[in-house]
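Starting from these lines, generate the structure:
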Amino acid sequence: MTGFSRRDFLSLTGTAAITAMSGRANAAMGPNDKFDLVIKGGEVLDPSQSLRGKRDIGIRWGLIEAVENEIPAARAAKTIDASGKLVTPGLIDLHSHVYPYGSAIGIPADELVQAQATTTVVSAGDAGVNNLAALRRYIVAQSRARIYAFVHIANNGLSGFPVAELYNIDYAQVDACAMALAENPDFLLGVKVRMSENVIAKHGLEPLMRSIKACEMCGWPAKMMVHIGGVETKELMSQILDLMRPGDVLTHAYSGAPNIGGAFTNIVQDGKLLPAALSAKQRGVMFDVGHGGGSFDFTVAEVALPGGCTPDTISSDIHVFSGNSPGMPYLPNVMSKFIALGLSLEQAVAAATITPAKIINRAPKIGTVQIGAPGDVAILELVEGQTSFVDTRNNKREGKLLLKPVQTVINGVPFGRPYQAPFAVR
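Just a heads-up that it's a prediction; the model follows:
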């Protein structure tokens, strides 16, 4: 293990850590060596490599070892037949709520895998400084799905939901938040703040300004994830957008939720896209869907997309309440809605694989099936035919393509029960 430190080991997960210790994945395969798993006969779509075509994927020691036109069946210890299916990198959900027991709305990340084909998820502000350590120690460390997080600017995170966390602005402790970021650069991505009027009351830009300050104090380039939807005034929405920096994430970008007084104060107002929204997009602010149970409106998206504000990332905002809502914000279903809005299949897959991987600074390690990447693979069914979709404001639209999860592979191991390791650990 020369040159491989404890910090390097802890930055990896599962079989990838064992692989790094053993070095065996870097050894050339002999003529009699077998892949631990071969995914055969599927249509591989990997936007990170501009790859689309029938391929077999060979995985050994938890990593992608080969992507070939055909891998002989005799070379596989185990095989998944993906004939007639779409095979993509494991999906990455940039906005989810996966802190059960510690926040009021979390779902265990591993329970979402078979419904979403997600191999990596991001906890979007479930934890604040006061309960962040428990998220990392008791949830992240015990999940097969890979988890990263935005820490909430409010010390208590979402533990008090549905009681608003920032009616009392004193919960937004800049120094404490900056310290949490400084201590967890391998796990945290930045700071989450919810800017809706029903969360921050009359505090205006103050929660956002405190969040940005924490990012700037921590010693590394931490990002913001800024939740919108029913902000206090129309003017405040433009001010929020103007403060956001290149690389920051605007989530619920296509929300049509009104503010407390019933006014529509998001990026589309009076049927027109805000100039501040287009300006933010053009300077590199990332537009994230964050569908959820109340944060996606077809009528907003239908103005914003042709106006130049297409989504960079498609995410679910899945949690215990939104998962039971009519909009069904499971990630493949949300991707299907954006295909109905005019995105190509390649664009939709990129928005749930390589683009979020870049935002969380893990490309090309995840969000790809290139050789050497972790063996994270999603197998999806492309259902063609008339399909009805509904948003979170009961607007309905028709589509002709629906993505449905079939099988997910994480670090080279098919996900399911019972868990079976691909090799013995000695």
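
C-alpha only now, for contacts and for neighbours.
Will do.

so how many other residues sit close to residue 118?
For residue 118, the neighbour count with other CA atoms under 10 Å is 30.

hang on, it packs against residue 93?
Yes. Between residue 118 and residue 93 there is a contact under CA atoms under 8 Å: 6.7 Å.

Run the chain-centre distance for stretch 125-143.
Relative to the centre of its chain, stretch 125-143 is centred 17 Å away, using CA atoms, centre = their mean, to the nearest Å.

Report the mean per-residue pLDDT for that stretch.
In this model, stretch 125-143 has a mean pLDDT of 97.

Tell me the helices and strands packed up against the host helix or strand of residue 114.
Using DSSP states H and E, residue 114 maps to helix 109-116. Helix 109-116 sits against strand 118-124, strand 396-410, with contacts defined as 3 or more CA pairs under 8 Å, 6 or more residues apart in numbering; DSSP states H and E.

out of the ones you listed, deepest packed?
strand 118-124 (a mean of 28; mean count of other CA atoms under 10 Å).

Can you list the strands that it pairs with?
Here strand 118-124 is paired, per DSSP bridges, with strand 91-96 (parallel), strand 146-152 (parallel).

Next, the angle helix 109-116 makes with it.
Strand 118-124 runs at 120 degrees relative to helix 109-116, counting by axes from the mean of the first three to the mean of the last three CA atoms, to 10 degrees.

Dump the helices and strands packed on helix 109-116 into CSV; add distance to residue 109 as well.
Putting those into CSV (distance: least, CA to CA, whole Å) gives the following:
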stretch, distance to residue 109
strand 118-124, 7
strand 396-410, 12
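
rewinding a little: please spell out which residues along the helix holding residue 114 are buried.
Buried positions in helix 109-116, judged by neighbour count with 16 or more other CA atoms under 10 Å: 109, 110, 112, 113, 114, 115, 116.

same deal with stretch 161-174?
Buried residues in stretch 161-174, counting neighbours by 16+ other CA under 10 Å, are found at 164, 165, 166, 169, 171, 172, 173, 174.

Next, give me the two most distant ones among these.
Within the buried residues of stretch 161-174, 164 and 174 form the most distant pair, 18.4 Å apart (CA to CA).

Settle this for me: residue 103 is touching residue 162, isn't it.
No. Assessed by CA under 8 Å, residue 103 is found out of contact with residue 162, at 10.5 Å.

Dihedrals phi and psi, residue 139?
Backbone torsions for residue 139, taken as degrees, to the nearest 10, come to phi -110, psi -60.

Would you mind measuring from it to residue 306?
With distances taken as CA to CA, to the nearest Å, residue 139 is found 40 Å from residue 306.

Repeat that for residue 383.
26 Å.

Tell me which of the helices and strands packed on helix 109-116 sits nearest to residue 29.
With CA to CA as the criterion, residue 29 lies closest to strand 396-410 of the helices and strands packed on helix 109-116, at 21.6 Å.

Neighbouring strands of the closest one in the sheet, and parallel or not?
Applying DSSP bridges, one finds strand 396-410 paired with strand 377-390 (antiparallel), strand 413-414 (antiparallel).

quick one: the longest one to chain centroid distance?
The gap between the average C-alpha position of strand 377-390 and the chain average comes to 19 Å, counting by CA atoms, centre = their mean.
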